[in-house]
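*Asks:* the following comprises the amino acid sequence and a computationally predicted model.
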Amino acid sequence: MGKVSAQADSVTMSGGGVYSLATKGAKDVIDAATPMVVDAINAIPAESFEQGFTFSDMGCADGGTSLSMVEAAINAVRARRPDTPVSVVYTDQPRNDFNALVTNVHGLGPFDSYLGRHENVFPLESGTSFYRQILPDNSLTLGFSATAMHWLSSKPCDINNHVHMVGASGDELDAFRAQAKKDWQQILLCRARELKAGGRLVLINFGIDEQGRYLGNTVGVNMFNTFHEIWQEMMTAGRISEAEYAAMTLPQYYNTVEEFSAPLLNENDPVHQAGLRLESIETRVVPCPFAEDFKQHRDAEKFATDYIPTIRTWNESTYFAGLSSERPLEERKRVIEDFYGAYRMRVVADPDQHGMGYVHAYTVISKCRE
């Protein structure tokens, strides 16, 4: 089994508001989940609204992708209790770009914010990751997260022959699976403490569906295999070292429906014993919006220009962290540009085969009333 080259705390999403501008697909996923959020609010018992309604958006990045969903949630709360104060707690890891988050939530950037249309709504920001308890016991009414909890708390090992766990096998895959199981339990136990009795979680997580599909592996070529091929070619050409090649292992894991469900269904699991119950879970595929646009405009250069920035928002920091700190900064930047340049060439050469379709498990969880 490979060694560990770096911890997952080197992972960041693009800052300066770039994340939401580049990740139209992530917004499409949240928009698809919005009816589930509204239904979850309608299922929460009335007494849970008495001291106000607290909503958390965990792994929020710069907040732009969830603005419409949060407004729909506020409207659903107000439909039941017009006078209920609503606290919206935006949470992400300490290195998140909270300046961009505040700008977007307060309507000072390129996005339309709900704040100007609603009174008695209180946006709050927290630099506490979802691997820790974010809110006091029994204070959270509804917790939400989308496209975030696939990031592991730490990288269990490097993968010697790939960049992602979808290409791992043997002891390396076992190590990622064990870390993911531990992390998922930790996430749920923290939420169990936070949730009010009768409260709900709506969690939209990357996963592997019943047909074996996952992010970037829904149609055409496999995105992660392509990343690995290019990174390996750069090693073979002497552009990066063997150590740098191995260090570019993304600290992610994609659970199956069975893996997501297990701690919620097993009566002996601490998560079940803490009161969390699985209400529903289903997998859905949301097509890559840039690939869908390409079907209409048929401009390969435009497709690559629109599509590749959404990939860079979430994996560039891992590639950069994998490069030796002994390299001059400008040289590291050139390596990164060469990598994405090589990927762009593949996309332009055969655009119909590329894209990043989203595969998520859409999950609703409740906390039993005592």
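*Replies:* Thanks, I have the structure now. Numbering: from 1, shown residues only.

*Asks:* count of neighbours near Arg81?
*Replies:* Neighbourhood size, Arg81 [other Cβ atoms under 10 Å]: 14. Placement of C-beta: from N, CA and C, glycine included.

*Asks:* same for the longest helix along the chain, what does it pack against?
*Replies:* Looking across the chain with DSSP state H, the single longest helix is helix 170-194. Secondary-structure packing of helix 170-194 (3 or more Cβ pairs under 8 Å, 6 or more residues apart in numbering; DSSP states H and E): strand 140-146, helix 257-265, helix 270-273, strand 276-286, strand 358-367.

*Asks:* in whatever helix or strand comes next after it, what's buried?
*Replies:* The element immediately downstream of helix 170-194 (helix or strand, assigned by DSSP states H and E) is strand 195-206. Across strand 195-206, burial judged by 16 or more other Cβ atoms under 10 Å covers Leu195, Lys196, Gly198, Gly199, Arg200, Leu201, Val202, Leu203, Ile204, Asn205, Phe206.

*Asks:* try stretch 212-225
*Replies:* So for stretch 212-225, counting by 16+ other Cβ under 10 Å, buried means Arg213, Tyr214, Leu215, Gly216, Asn217, Thr218, Gly220, Val221, Asn222, Met223, Phe224, Asn225.

*Asks:* stretch 91-100 now?
*Replies:* Buried-residue list, stretch 91-100, by 16+ other Cβ under 10 Å: Thr91, Asp92, Gln93, Asn96, Asp97, Phe98, Ala100.

*Asks:* what do you get for stretch 361-370?
*Replies:* Of the residues in stretch 361-370, Ala361, Tyr362, Thr363, Val364, Ile365, Ser366, Lys367 count as buried by neighbour count, 16+ other Cβ under 10 Å.

*Asks:* now the fourth one. Nearest residue, chain neighbours left out?
*Replies:* If the residues on either side of it in the chain are set aside, Val364 comes closest to Glu279, at 4.2 Å by Cβ to Cβ, 6 or more residues apart in numbering.

*Asks:* so where's the stretch 51-200 of the chain shaky on pLDDT?
*Replies:* Low-confidence regions of the stretch 51-200 of the chain, defined here as pLDDT under 70, do not occur.

*Asks:* in it, which spans are helices?
*Replies:* Assignment of helices within the stretch 51-200 of the chain using DSSP state H, counting those that start in this stretch yields the ranges 67-80, 98-105, 170-194.

*Asks:* adding distance to Cys157, write those out as a markdown table.
*Replies:* Listed next are the helices of the stretch 51-200 of the chain as a markdown table, based on distance: least, Cβ to Cβ, whole Å:
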| stretch | distance to Cys157 |
| --- | --- |
| helix 67-80 | 36 |
| helix 98-105 | 32 |
| helix 170-194 | 5 |
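
*Asks:* so which of these gets nearest Val121?
*Replies:* Closest to Val121 of those is helix 67-80 (Cβ to Cβ; 6.1 Å).

*Asks:* that closest one vs strand 140-146, what angle?
*Replies:* Helix 67-80 runs at 160 degrees relative to strand 140-146, counting by axes from the mean of the first three to the mean of the last three Cα atoms, to 10 degrees.

*Asks:* closest one of the buried residues of stretch 212-225 to Pro136?
*Replies:* For these, the nearest to Pro136 is Leu215 (34.4 Å; Cβ to Cβ).

*Asks:* per-residue pLDDT, the closest one?
*Replies:* pLDDT recorded at Leu215 is 97.

*Asks:* what sits against it?
*Replies:* Contacts for Leu215 were tallied using Cβ atoms under 8 Å, 6 or more residues apart in numbering; they are Phe206, Met223, Phe224, Tyr254, Met356, Gly357, Tyr358, Val359.

*Asks:* looking at those residues, which is nearest Phe111?
*Replies:* After measuring the contacts of Leu215 against Phe111 - Cβ to Cβ - the closest member comes out as Tyr358, at 20.4 Å.
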